[in-house]
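Novice: 3D, please:
(chains A and B)
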Amino acid sequence: MENELKQLIIDTLDLEDISVADIDSQAPLFNDGLGLDSIDALELGLAIRKKYNVKIDAEKEDVVKIFSSVSTLAEYIEAARG
Amino acid sequence: MTVDFVLRSWNAWAPGMSCHEDWRKWHDHQTFAQQEKAALPAAVPKVLQRRLSPLARAVFNAANGCIDSDKSLPIVFSSAHGEVNKSLEMLKSMQKGDEVSPTAFSLSVHNAIAGLFSIAYANHQEITVVAPGQDGIAPAFIEALGLLQEHHNEVLIVMYDEPLSDFYPSLPFALNAPAICALALKVSLTGSGLPLQFNRSPAHRDDGEQALQILSFIKFLVADDETLVLGNHRHSWEWHKK
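Specialist: Numbers count the residues shown, from 1 in each chain, chains lettered A, B, ... in the order given. Next up is the predicted model:
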C-alpha cells in the first residue's frame, strides 16, 4: 500500500526526478520533506478519491494529520476503505 | 507626448533562438526550429520546475537574461492570451465529465506565470500582468514607463505569447504566433544602453496582436532601422532610436 501510494504521489505531482525508494514513509510530505504545497494536497486528494474511492473531507477530518506522511495517509485510506 | 527612456538590456527566447546573435541571423530567414524547450535558469527551485509549462519556461529563460537573481525589480508582464490553451484543455475534460485538476486550474489563470516567477525569484516588488487584447505591445510600455515616472529606477517588461489552439478562430484577427516567443526588456530613464523615444503615431496600421508585434520589435532591435511604428486598427505607437 505504501509503495503504491508513493507511486501515485510521483505520477500525480510530476515528481520526475524522484523514485519510490527516495520517499521515506515516515518523513513529512509537505514543506520540509518532499517540499509539497497546498495545491499538491488538493491534487493528491483528487487522485486518492479517483483511485481508492476515499474522500478526505477537509471540513470533518484532521487533514494535517492525515497528510503528514505516506504512512499516515496509507493508514487513513485503509481504514476508510474498511 | 513623447517619453524618453533607455533600454538597458534585452533578451528573447523562441525555439532555436537564445542569444542576440541567433536573432540577428533569424532576421534574414525568419524561421524557427521545431519543438524545443527553453532551458531553465539555475535559480528556479526544483519543486517549482515541474509546474512550468513550455510558455512559462520561455518567460523564465528570457527574463533571466535581464536580471540579477539577488536584486528584485518591478515587472510588467504582458500576454494577449496567457495560458488559455490550458483553460481549453480543462473545459474539454469537464465536458467529458472528468474532474478538473486543481494544479491545472491554478496554472491556467492569466497571472499564473507571474506568480511562479515571483516565488522562484523571491521578488516582492510591484508586479503587473497586462492583457493587451488587440492593442499589441504598447500597453506594456505605457505601464512600465508609468512605473519609471513613479521613481522606480529600473522596470522589467516581459512579453510572451504562444500559438493558439486550432479551436479558436484566428481569422479575421491577426493574432497567431508562429512559435512560442518571450521578450524581456529592462528599461530605465537614465543610464547606459539604447536610448529610445516612445510616442503615439497618427498612422493607421494593421500589425496584428502582441504575438506578431513581439517579433516586429525584436527585428527593430537587431536591425539598423531607426523607427518602428506598430498599431492594430485603433491606436498606433512609435519607437524611435535616438
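
Novice: who touches the helix or strand of chain B with the lowest mean pLDDT?
Specialist: Least confident helix or strand, chain B: helix B:46-49 with a mean of 85, by mean pLDDT, DSSP states H and E. For helix B:46-49, contacts defined as CB atoms under 8 Å, 6 or more residues apart in numbering or on different chains pick out A:17, A:35-37, B:40, B:116, B:119-120. For the C-beta atoms, the positions are set from N, CA and C on the backbone; glycine is no exception.

Novice: likewise stretch B:33-42?
Specialist: Counting by CB under 8 Å, 6+ apart, B:13, B:15-18, B:49, B:52, B:54, B:57-58, B:60-62, B:64, B:69, B:180, B:182 sit against stretch B:33-42.

Novice: buried residues in the lowest-mean-pLDDT helix or strand in chain A, which are they?
Specialist: Within chain A, no helix or strand scores below helix A:63-66, which has a mean of 86 by mean pLDDT, DSSP H and E. For helix A:63-66, burial by neighbour count (16 or more other CB atoms under 10 Å in any protein chain shown) applies to residue A:66.

Novice: remind me, longest helix of chain A?
Specialist: Ranked by residue count under DSSP state H, the longest helix found in chain A is helix A:38-52.

Novice: so that one, near chain B or not?
Specialist: Yes. Contact of helix A:38-52 with chain B is found when judged by CB under 8 Å from any CB of the partner chain, involving A:39-40, A:42-43, A:46, A:50.

Novice: for that helix, packing partners?
Specialist: On a contact count with 3 or more CB pairs under 8 Å, 6 or more residues apart in numbering or on different chains; DSSP states H and E, helix A:38-52 meets helix A:2-12, helix A:70-81, helix B:102-106.

Novice: near chain B, which residues of chain A show up?
Specialist: A:13-17, A:35-37, A:39-40, A:42-43, A:46, A:50.

Novice: now the buried members of those.
Specialist: Buried subset of these (neighbour count, 16+ other CB under 10 Å): A:13, A:15, A:36-37, A:39-40, A:42-43, A:46.
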